[in-house]
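1. Dropping a prediction and its sequence here:
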Amino acid sequence: MTEHTARQYDQDLEGLRSRMMQMGGLVESQIRDAMEGFLQGDPARIEQVVAADAKVNELEVGIDDDLGHVIVRRQPAASDLRLILAISKTVTDLERIGDEAAKVARMARAIHSAGRAADTRIASIRHLSDIAIGMLGRSLDAFARLDAAAAARLIREDALIDAEFSAIIRQLITHMMEDPRTISTSLNIVWVAKAFERIGDHAKNIAEQVIYVAKGRDVRHTPLAEVEREALGR
């Protein structure tokens, strides 16, 4: 490979990672807008989130197509191939996060079009969304820096969002039992809570890809203690 070709190859890889980060930023904005739509019942913001899903899908297809071309043209070495595969898997997770954001927007539309507010459960959902959005932001930051230690810390957070989700479900079940008139709205809120729990799962997946690139080890389905040993080089 000539110096010019090698430089172009590096630029291609960096360009793909940059586009993945751009997609991550778009998805993060989608989630924030979906949450504000849920809280405020703003129809314009809700529809904006649903419409943005097409752009996210377009980015996924475009990036995956370019990744395929790089593999065919460059026949990457092992470390570069890990990066390419990790970008591909992360793009898939980002697309699914975009789907979850659109789901939150649709649930917000259903709740507010029925003239029902999310009342006392807003604080719980807000806290859950803050955890999920924070996890996504930190997972993307860890990917940008290929910081395995930060990725391992984020994977530990998955238990926190799972516990928060379970607490909200218990609260909603109690609420429905006490007042059956709240069942329809409460079920919509269950879907909103589940969407944020899934966003946390996808952020964890991205963090696992960071460790795969940085350490050369696939840590999916691996006990947390072992993930931390691998990431921290213990």
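-> Yep, it's here. All of these numbers come straight from a predicted model, not from anything done at the bench.
2. from here on, contacts and neighbour counts on C-alpha atoms
-> OK.
3. Show me the shaky parts of the chain.
-> Applying pLDDT under 70 to the chain picks out residues 1-5, 114-123, 234.
4. Summarise which helices and strands the longest helix along it is packed against.
-> Across the chain, the longest stretch assigned as helix under DSSP state H is helix 3-40. When contacts are defined as 3 or more Cα pairs under 8 Å, 6 or more residues apart in numbering; DSSP states H and E, helix 3-40 packs onto helix 43-74, helix 78-113, helix 122-145.
5. Buried ones in it, by neighbour count?
-> In terms of neighbour count (16 or more other Cα atoms under 10 Å), helix 3-40 has its buried residues at 9, 13, 16-17, 19-21, 23-24, 26-39.
6. try stretch 214-229
-> 214, 215, 217, 218, 219, 227, 228.
7. what does that stretch rub up against?
-> 79, 82, 146-149, 152-153, 155-156, 205, 208-209, 211-212, 230-231 (Cα atoms under 8 Å, 6 or more residues apart in numbering).
8. now the angle between helix 78-113 and the strand or helix carrying residue 211, please.
-> Assigned by DSSP states H and E, residue 211 belongs to helix 183-215. Relative orientation of helix 183-215 versus helix 78-113 (axes from the mean of the first three to the mean of the last three Cα atoms, to 10 degrees): 170 degrees.
9. Next SSE downstream of helix 183-215?
-> Next element after helix 183-215 (DSSP H and E): helix 224-232.
10. re the thing from before, out of the contacts of stretch 214-229, which are buried?
-> 82, 146-149, 152-153, 155, 205, 208-209, 211-212, 230-231.
11. Identify, from these, the entry nearest to residue 68.
-> When the buried ones among the contacts of stretch 214-229 are ranked by distance to residue 68 (Cα to Cα), residue 82 comes first, at 13.4 Å.
12. ok, now how distant is the nearest residue to the closest one once chain neighbours are set aside from residue 18?
-> Distances taken as Cα to Cα, 6 or more residues apart in numbering place residue 213 nearest to residue 82, at 5.5 Å, with adjacent residues excluded. Counting by Cα to Cα, to the nearest Å, the gap from residue 213 to residue 18 is 16 Å.
13. tell me the contacts of residue 154?
-> So residue 154 contacts 135, 138, 139, 204, 207 (Cα under 8 Å, 6+ apart).
14. what does stretch 169-178 contact?
-> With Cα under 8 Å, 6+ apart as the criterion, stretch 169-178 contacts 182, 183, 186, 190.
15. Just the buried residues out of those residues, in ChimeraX syntax.
-> Buried residues within the contacts of stretch 169-178, by 16+ other Cα under 10 Å, are selected in ChimeraX with:
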select :183,186,190
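16. Using TSV, lay out the contacts of stretch 169-178 together with distance to residue 97.
-> Supplementary listing: the contacts of stretch 169-178 in TSV, determined by distance: Cα to Cα, whole Å:
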residue	distance to residue 97
182	28
183	26
186	22
190	17
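17. wait, which of the contacts of stretch 169-178 is closest to residue 103?
-> For the contacts of stretch 169-178, the nearest to residue 103 is residue 190 (11.5 Å; Cα to Cα).
18. residue contacts, the closest one?
-> Taking Cα under 8 Å, 6+ apart as the test, what residue 190 contacts is 169, 172.
19. Who wins on neighbours among the contacts of residue 154?
-> Highest neighbour count within the contacts of residue 154, by other Cα atoms under 10 Å: residue 207, with 32 neighbours.
20. Can you verify my assumption that that residue contacts residue 144?
-> No. Assessed by Cα atoms under 8 Å, residue 207 is found out of contact with residue 144, at 11.0 Å.
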